[in-house]
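Undergrad: the following comprises the amino acid sequence and a computationally predicted model.
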Amino acid sequence: MNSRMWGGRFAEGPDAVMEEINASIDFDRKLFPQDIAASKAQAEMLAACGIITANDAEKILHGLDTILREFEAGTFTFSRALEDVHTHIEARLIELIGPAGGRLHTARSRNDQVATDLRLWVRDAIDAIDAGLRDLQSALADKALVNATTVMPGFTHLQTAQPVTFGHHLMAYVEMIGRDRGRFADARRRMNESPLGAAALAGTSFPIDRQATAASLGFDRPAANSLDAVSDRDFAVEAIAAASLTAVHLSRFAEEIVVWSSAGFGFISLSDRFTTGSSIMPQKRNPDAAELVRAKTGRIVGSLTALLIVLKGLPLAYQKDMQEDKEPVFDGLETLALAITATVGMVRDMEPNKAAMRKAAGAAYSTATDLADWLVQTLDMPFREAHAVTGAVVQRAETLNRPLHRLALDDLQAIEPRITADVYGVLGVVQSAASRNSYGGTAPANVRKEARRWLKRLKKEGVR
Ligand code: ARG
């Protein structure tokens with residue numbers, strides 16, 4: 001007889017290749033603490049329902065604690081022949097406490113076990129990511145508050161468009177990350193149902209208490225349909241989908257950090273802690289952390305694709321294909337957590353070069369819209385006409401090779417005689433940014449208000 005846990009009806013052991021393709025222990029050992037927690041909840045429930053004796057339950061709980069300690073101390077022995085984390089723990093339990101250990105697997109299957117373990121793991125990962133994103137929001141809002149008046153160019157098409165404040169730019173990411181956190185929170189709410197007790201696929205004839213195991217593992221309720229409970233991986237897809245979009249946001253910011261820190265822009269300097277040097281060019285400082293955050297997005301989005309394709313076309317209920325869900329889920333969520341931490345570090349350490357930002361903010365006639373708005377507001381000109389007049393002024397400035405605020409009043413009046421010296425009040429970049437005080441606009445007063453509002457809210461969440 002084959003000595004494996006399921007070997008009762010097998011005469012021969014598996015081929016070496018079968019063992020290799022079948023074993024998940026190299027990666028699912030990550031579920032070790034979750035598997036122990038779910039097994040303890042199961043044992044306590046079995047005893048409370050009179051399915052196993054209190055004495056056996058006590059031996060099981062004690063054994064599981066010992067096994068967890070072995071795992072944490074690094075003394076637990078893994079072997080491919082034992083396939084996965086579930087059989088490893090059960091086999092060791094039987095080795096430690098004898099036949100009582102064999103009673104733990106009553107009224108459960110590896111199918112509801114793995115579904116439970118993975119949910120617990122993803123739930124913890126979401127909580128860790130949320131804490132990281134909260135840190136990132138407060139790093140951004142802190143930096144925004146001290147840069148509420150720091151003027152920089154705002155771009156469309158990466159062409160200088162209008163002056164904005166650096167604080168406003170940073171606060172844009174605070175908003176994005178707020179939505180990312182909302183998506184993770186939604187996913188967490190939906191996933192918080194317990195598959196445990198669905199057993200292999202059909203439920204069980206033992207008088208179990210699924211409410212009890214659900215409650216003791218922090219789930220809101222047991223999943224209502226046993227077939228769905230063992231084959232649902234929506235929760236993992238939702239988490240990885242939220243991670244993918246978050247990673248896309250981080251990559252956009254990372255790209256800006258790369259561009260801003262380049263010599264051509266010179267808008268920010270990054271710290272030694274998040275840059276590296278070149279092995280040949282002694283003068284170089286490379287924004288590697290930002291580049292890697294940008295690149296890791298590929299892995300994270302790849303995880304989403306891998307997971308969706310593993311699930312596509314799977315009939316109910318459990319299929320072994322589902323074992324392939326773990327590596328993308330682990331890698332995608334762990335990679336995102338790392339990218340978030342690196343981004344927090346870069347934000348906290350980055351220093352804006354205010355003079356360079358301000359100079360660039362005034363380049364390329366960035367206050368032309370302010371001139372057009374002035375013509376509308378002061379001379380009651382229709383905006384379309386003001387646009388045309390301003391276009392002629394820009395052309396004149398180009399010919400004279402001067403910025404708008406350096407044009408003589410005569411030059412301006414040659415194009416529109418009603419223009420007065422008052423116009424110079426709106427042509428500077430600082431005035432331009434300050435004037436955009438509509439709700440959600442870039443004016444320093446808005447930025448300060450928004451940064452303070454977020455910081456207050458984030459602080460409150462921090463002590464939750
Ligand atoms: N290692 C398996 C997985 O990750 C556990 C479930 C195995 N179930 C089974 N019926 N073979 O999916």
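TA: The structure has been received and is ready for your questions.
Undergrad: only C-alpha atoms from now on, for both contacts and neighbour counts.
TA: Will do.
Undergrad: ok, F76 - contacts?
TA: Counting by C-alpha atoms under 8 Å, 6 or more residues apart in numbering, F76 touches 67, 70.
Undergrad: A helix includes it, no?
TA: No. If the criterion is DSSP: H, G, I helix; E, B strand; the rest coil, then F76 is coil and not within a helix.
Undergrad: all strands of the stretch 201-350 of the chain, in order?
TA: Counting by DSSP state E, counting those that start in this stretch, one finds strands in the stretch 201-350 of the chain at the ranges 221-222, 268-269.
Undergrad: mind putting those in TSV, mean neighbour count and mean pLDDT included?
TA: Compiled in TSV, the strands of the stretch 201-350 of the chain are given as follows (neighbours: other C-alpha atoms under 10 Å; pLDDT from 0 to 100):
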stretch	mean neighbour count	mean pLDDT
strand 221-222	20	98
strand 268-269	20	96
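Undergrad: between these, which one is closest to A131.
TA: Closest of the strands of the stretch 201-350 of the chain to A131 is strand 221-222, at 24.7 Å (criterion: C-alpha to C-alpha).
Undergrad: can you list the strands that that closest one pairs with?
TA: If you go by DSSP bridges, strand 221-222 pairs up with strand 193-194 (parallel).
Undergrad: average pLDDT for the strand it pairs with?
TA: Strand 193-194 carries an average pLDDT of 98.
Undergrad: chain center to it: distance?
TA: Computed by C-alpha atoms, centre = their mean, to the nearest Å, the chain-centroid distance of strand 193-194 equals 23 Å.
Undergrad: can you name the residue of the protein nearest the ligand?
TA: Closest to the ligand within the chain is Q323: 3.6 Å, counting by C-alpha to the nearest ligand atom.
Undergrad: that older thread, let me have the strands of the stretch 201-350 of the chain in CSV, extended by distance to R69.
TA: Supplementary listing: those in CSV, determined by distance: least, C-alpha to C-alpha, whole Å:
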stretch, distance to R69
strand 221-222, 29
strand 268-269, 46
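Undergrad: poorly predicted segments of this structure, please.
TA: Scanning the chain for pLDDT under 70 picks out 1-3, 463-464.
Undergrad: next helix or strand past the longest helix along it?
TA: The single longest helix within the chain, with elements called by DSSP state H, is helix 110-146. Next in sequence after helix 110-146, counting helices and strands by DSSP states H and E, comes strand 151-156.
Undergrad: and the longest helix of the chain, how far out from the chain middle?
TA: For helix 110-146, the distance to the chain centre is 7 Å (C-alpha atoms, centre = their mean).
Undergrad: same question, stretch 282-290
TA: 25 Å.
Undergrad: again with stretch 255-275
TA: Distance, stretch centre to chain centre, for stretch 255-275: 23 Å (C-alpha atoms, centre = their mean).
Undergrad: residues in contact with it: which ones?
TA: The contact list for stretch 255-275, computed with C-alpha under 8 Å, 6+ apart, reads 285-291, 294, 342, 345-346, 349-354, 356-357.
Undergrad: redo that, cut-off 10 Å
TA: Stretch 255-275 is contacted by residues 152, 166, 249-251, 253-254, 284-291, 293-295, 342-343, 345-358, 360 when judged by C-alpha atoms under 10 Å, 6 or more residues apart in numbering.
Undergrad: before we move on, the earlier item: tell me the spacing between the residue of the chain closest to the ligand and P99.
TA: Distance, Q323 to P99, by C-alpha to C-alpha, to the nearest Å: 29 Å.
Undergrad: CA atoms only for stretch 330-348, dumped as PDB, please.
TA: Provided in PDB are the C-alpha atoms of stretch 330-348 (Å, rounded to 0.1, in the frame of the first residue of the first chain):
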ATOM      1  CA  PHE A 330       1.600  35.900  -3.000                       C
ATOM      2  CA  ASP A 331       4.000  37.600  -5.400                       C
ATOM      3  CA  GLY A 332       1.600  40.300  -6.600                       C
ATOM      4  CA  LEU A 333       0.500  41.400  -3.100                       C
ATOM      5  CA  GLU A 334       4.000  41.200  -1.600                       C
ATOM      6  CA  THR A 335       5.500  43.000  -4.500                       C
ATOM      7  CA  LEU A 336       3.000  45.800  -4.100                       C
ATOM      8  CA  ALA A 337       3.700  46.100  -0.400                       C
ATOM      9  CA  LEU A 338       7.400  46.600  -1.200                       C
ATOM     10  CA  ALA A 339       6.700  49.100  -3.900                       C
ATOM     11  CA  ILE A 340       4.600  51.100  -1.500                       C
ATOM     12  CA  THR A 341       7.300  51.100   1.200                       C
ATOM     13  CA  ALA A 342       9.900  52.300  -1.300                       C
ATOM     14  CA  THR A 343       7.600  55.100  -2.500                       C
ATOM     15  CA  VAL A 344       6.900  56.300   1.000                       C
ATOM     16  CA  GLY A 345      10.700  56.500   1.600                       C
ATOM     17  CA  MET A 346      11.300  58.500  -1.600                       C
ATOM     18  CA  VAL A 347       8.500  60.900  -0.900                       C
ATOM     19  CA  ARG A 348       9.700  61.600   2.700                       C
END
